[in-house]
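# fold the following and give me the result.
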Amino acid sequence: MNKSSMLAAIVSVALIPSSVLCGQTPDASPAPVAQAAPTIPADQQPTTEQLNKLFEVMHVRAQLASITKMMPQMMQQQFTAQFKDIQKAHPELANISEDQQKAVSKIVASYMERVMNLYTGDEMISDMAAIYRKHLAAADVDAAIAYYSSPAGEHMLDMVPAMMQEFLPVVTSRIQARIPPLIEQMTQEMEGVIKSQPSPSPQAPK
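Numbering: from 1, shown residues only. A predicted model of the protein is given here:
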C-alpha cells in the first residue's frame with residue numbers, strides 16, 4: 001500500500017496541463033483534430049532571418065526560459081500539497097517523516113528540472129521555425145514583426161510575464177481541487193493489480 005500510494009503521488013505531479021508549457025491562456029481552445037497541414041509555397045515562405053527577427057520581437061526565447069525556470073518550483077509545490085492530501089486519506093502513510101517527504105520532493109523537483117532541459121530552447125525555436133514556414137508566408141511574418149515592434153505589440157509582450165504569473169497559480173489551484181479523485185482511483189487500481197499478483201514462492205534452500 002505504501003509503495004502504490006507513493007507512486008500515485010509522484011505520478012500525479014506529471015499531470016500539469018500542457019497549456020502551461022505552451023503558454024496558452026485559460027480561454028485557449030483545445031487543439032483541433034490533426035488535419036492536413038497547409039503548406040506555403042517555397043517562394044513565399046519566410047526566411048530564417050525573418051523568423052529569427054519575429055521570435056526576437058516576440059520575446060520567444062525569454063518566455064521559454066521563464067516558463068522552464070518556473071516549472072520545477074511549481075512541480076515541487078504541487079507534489080507537497082498533493083502528498084499531504086494523500087497522507088490525510090491514507091493514515092498508514094503517517095510513518096513517512098517530514099524529512100523523508102522533503103527528500104522525495106527535492107528528488108521530484110530535480111528530475112523535473114532535468115526533464116525541462118531534455119528539449120532545449122534552441123531546439124524548440126528550430127522546430128517552431130519549421131512549423132511557422134508551413135503556415136505563415138513571408139508577408140505574414142513581416143506584418144507580425146511590424147505589430148510586435150509597435151507600442152501596442154510591445155506592451156502586450158511586456159504584460160505576458162505578469163499575466164502568466166497570475167495564471168499559473170490558477171492552474172495549480174484548479175489541479176489541486178480536481179486531481180484528488182483521480183489519484184484515489186489510480187491508487188485503488190494499482191492496489192488491485194498488486195493484490196491480484198501471486199506472492200513469489202520462497203526459494204528452496206540449496
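# so what does the host helix or strand of residue 190 touch, helix or strand wise?
Under the criterion of DSSP states H and E, residue 190 resides in helix 180-196. When contacts are defined as 3 or more Cβ pairs under 8 Å, 6 or more residues apart in numbering; DSSP states H and E, helix 180-196 packs onto helix 2-12, helix 60-89. Bear in mind the C-beta positions are built from the backbone N, C-alpha and C, glycine included.
# out of those helices, which gets the lowest mean score?
Lowest mean pLDDT within those: helix 2-12, at a mean of 43.
# could you list the low-pLDDT ranges of this protein?
Low-confidence segments of the chain, defined by pLDDT under 70: 1-37, 70-76, 78-80, 82-83, 86-87, 90-94, 116, 197-206.
# on that earlier part again, export the helix holding residue 190 as CSV, just CAs?
In CSV, the C-alpha atoms belonging to helix 180-196 read as follows (Å, rounded to 0.1, in the frame of the first residue of the first chain):
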residue,chain,number,x,y,z
PRO,A,180,-7.5,14.0,-5.7
PRO,A,181,-10.4,11.8,-7.0
LEU,A,182,-8.2,10.7,-9.9
ILE,A,183,-5.3,9.9,-7.6
GLU,A,184,-7.6,7.9,-5.3
GLN,A,185,-9.0,6.0,-8.2
MET,A,186,-5.5,5.4,-9.6
THR,A,187,-4.3,4.2,-6.2
GLN,A,188,-7.2,1.7,-5.9
GLU,A,189,-6.5,0.3,-9.3
MET,A,190,-2.8,-0.1,-8.5
GLU,A,191,-3.7,-1.8,-5.3
GLY,A,192,-6.0,-4.2,-7.3
VAL,A,193,-3.1,-5.1,-9.6
ILE,A,194,-0.7,-5.6,-6.7
LYS,A,195,-3.2,-7.8,-4.8
SER,A,196,-4.1,-9.9,-7.9
